[in-house]
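Enquirer: just need the structure, nothing else, for what follows:
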Amino acid sequence: MSDVTVRNNPDEGRYEAWVDDQLAGIVEYRLSEQSVTFTHTEVADDLEGEGVGSALARTALDEVRAAGQRDVVPLCPFIAEWIERHPDYAGLVRPAHGSASARER
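Expert: Numbers count the residues shown, from 1 in each chain. Okay, here's the model as predicted:
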């Protein structure tokens, strides 16, 4: 597979992953003054398991971190699980929301 290019599309409220000039996946978000809420992640069926979702999650969360925000609300199960698998991003999550497994307890 070619390299994945991820870019923010704030007009659409989503990060987009592109492979060979084709849209390969998205992660949708909502912004508020206090938080960034990730609501949905979708990857093209033929590219699932190829790292597109991880590229989306990593880029989106790195940009949140670079902007100095620490209030991520991972409503999207994929983003919540990705953060659990990459604990160095856990500090971005708003404590009231925690991880997916914490909410299930």
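
Enquirer: can you pull out the helices in the protein?
Expert: In the chain, the segments counted as helices under DSSP state H are 52-66, 77-85, 100-104.

Enquirer: distance from the chain centre to stretch 33-50, please.
Expert: Distance of stretch 33-50 from its chain centroid, counting by CA atoms, centre = their mean, to the nearest Å, is 5 Å.

Enquirer: my guess is residue 13 contacts residue 30. True?
Expert: Yes - with contact defined as CB atoms under 8 Å, residue 13 reaches residue 30; the gap is 6.4 Å. Heads up, the C-betas are built off the backbone N, CA and C, glycines and all.

Enquirer: redo the helices of the chain as CSV? Include mean neighbour count, mean pLDDT and distance to residue 25.
Expert: CSV is the format used below for the helices of the chain (neighbours: other CB atoms under 10 Å; pLDDT from 0 to 100; distance: least, CB to CB, whole Å):
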stretch, mean neighbour count, mean pLDDT, distance to residue 25
helix 52-66, 19, 96, 4
helix 77-85, 18, 97, 10
helix 100-104, 11, 43, 20
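
Enquirer: can you add distance to residue 6 and give those back as a markdown table?
Expert: Formatted as a markdown table, these follow (distance: least, CB to CB, whole Å):
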| stretch | distance to residue 6 |
| --- | --- |
| helix 52-66 | 4 |
| helix 77-85 | 14 |
| helix 100-104 | 22 |
